[in-house]
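Colleague: Here is my input, please return the structure:
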Amino acid sequence: MADIPKIPKLKSLQNSPESTKKIAKPVLMGVIAILLAAFGLEASNNDWDLGKLLSGSSPADAKVMRDIDGNVVNAGGPSEDVNRLDGDNDGLACETLPKTATK
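Modeller: So this is what the prediction gives:
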């Protein structure tokens, strides 16, 4: 049987020098805060457009709407048709596609 290399144990932060603690603790707290915020957004199914937030828009204006499946919903109507799904600008996207029966 081949020798399996041992995985080195991480040195405890408790036994680290003070200079390392001063750097590591804020970094770890920042990472934890980011992860908790990401989890909160995912659990509440909320999302914000960071570009709008950074340009000074309110959180209500920057909130991205999503449908029940998590897809982005454009609430702006034909003027916000970024994917050009409404060719004649009447507010109905993909109206030339055949209609299918739902189960």
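Colleague: so residue 26 is in which element?
Modeller: Assigned by DSSP states H and E, residue 26 belongs to helix 18-44.
Colleague: Just the CA atoms of the next helix or strand along the chain from that helix, as CSV, please.
Modeller: Next in sequence after helix 18-44, counting helices and strands by DSSP H and E, comes helix 50-54. Written as CSV, here are the backbone C-alpha positions of helix 50-54 (Å, rounded to 0.1, in the frame of the first residue of the first chain):
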residue,chain,number,x,y,z
LEU,A,50,-25.3,46.7,-8.0
GLY,A,51,-24.8,49.1,-10.8
LYS,A,52,-27.9,51.0,-9.9
LEU,A,53,-27.0,50.9,-6.2
LEU,A,54,-23.5,52.3,-6.8
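Colleague: And the helix holding residue 26, what's buried?
Modeller: Buried residues in helix 18-44, counted by 16 or more other C-beta atoms under 10 Å: none are found. From N, CA and C alone the C-beta is placed, and that goes for glycine too.
Colleague: list the buried ones in stretch 12-19?
Modeller: Of the residues in stretch 12-19, none is buried (16+ other C-beta under 10 Å).
Colleague: Helix or strand with the lowest mean pLDDT in the chain?
Modeller: strand 72-73 (a mean of 72; mean pLDDT, DSSP states H and E).
Colleague: What pairs with that strand, parallel or antiparallel?
Modeller: Partners of strand 72-73 in the sheet, by DSSP bridges, are strand 65-66 (antiparallel).
Colleague: what mean pLDDT would you report for the strand it pairs with?
Modeller: Strand 65-66 carries an average pLDDT of 76.
Colleague: quick one: that strand to chain centroid distance?
Modeller: Centroid separation for strand 65-66 versus its chain: 12 Å, with C-alpha atoms, centre = their mean, to the nearest Å.
Colleague: Likewise for stretch 24-38?
Modeller: The answer for stretch 24-38 is 16 Å, by C-alpha atoms, centre = their mean.
Colleague: Residue numbering should commence at 729 henceforth.
Modeller: Right, with 729 as the first residue, what we last looked at is stretch 752-766.
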